[in-house]
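Colleague: turn this into a structure:
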Amino acid sequence: EVQLVESGGGLVQAGGSLRLSCAASGFTDHYAIGWFRQAPGKEREGVSLIISSDGSTYYADSVKGRFTLSSDNAKNTVYLQMNSLKPEDTAVYYCAADRSIPIATKWAYELYEYWGQGTQVTVSS
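Modeller: So this is what the prediction gives:
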C-alpha cells in the first residue's frame, strides 16, 4: 500500500522560506511525485514534479526560481524548498504520486492516484 506523509507547513512572513517534506512508502519501482496546492475558492494547481527514474524536475511558472524540489532516495522522501514566499503562495499543499505521469499533462491532478493529507502554508504580508 502506497502512503504519502507530508510535513513542514506553517506560517511565515512574505519573503521567508519553508521546506515541505513528503515521505513515500509502498513503491516498489520508479514513481513520480508532485506537489499541488489549493487556495480557498480556487482550483487545485500543480507546483512541482520530480521523476524518480532520472531525477528530472518540473516547476509551474508561478514558482520557478523560488521553489526547489529535491529527493533523498535512501529515505524515499521528497523535499520542496520554498523561498521568497509571497502571500499568493498561501494554500494547502498536497503531495501526490503515481507510478507514471505523462509529462505533457503533468499538472492534471486527476492523473495522480495517491495523495497525502495536505499541509497548510500561510504567508502573511
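Colleague: just grab the bridge partners of the residue nearest to the spatial centre of the chain for me.
Modeller: Against the mean C-alpha coordinate of the chain, by CA atoms, centre = their mean, the closest residue is residue 35 at 2.0 Å. With DSSP bridges applied, residue 35 shows beta-bridge pairing to residue 48, residue 95.
Colleague: tell me the confidence at it?
Modeller: Predicted confidence (pLDDT) for residue 35: 97.
Colleague: stretch 16-30: how far from the chain's middle?
Modeller: Here stretch 16-30 is found 8 Å from its chain centre; the criterion is CA atoms, centre = their mean, to the nearest Å.
Colleague: now swap in stretch 78-97 and tell me
Modeller: Worked out by CA atoms, centre = their mean, stretch 78-97 lies 6 Å from the chain centre.
Colleague: just the terminal-to-terminal distance for that stretch.
Modeller: Using CA to CA, to the nearest Å, the end-to-end distance of stretch 78-97 comes to 11 Å.
Colleague: end to end, how far does stretch 59-70 reach?
Modeller: This stretch, stretch 59-70, spans 12 Å end to end (CA to CA).
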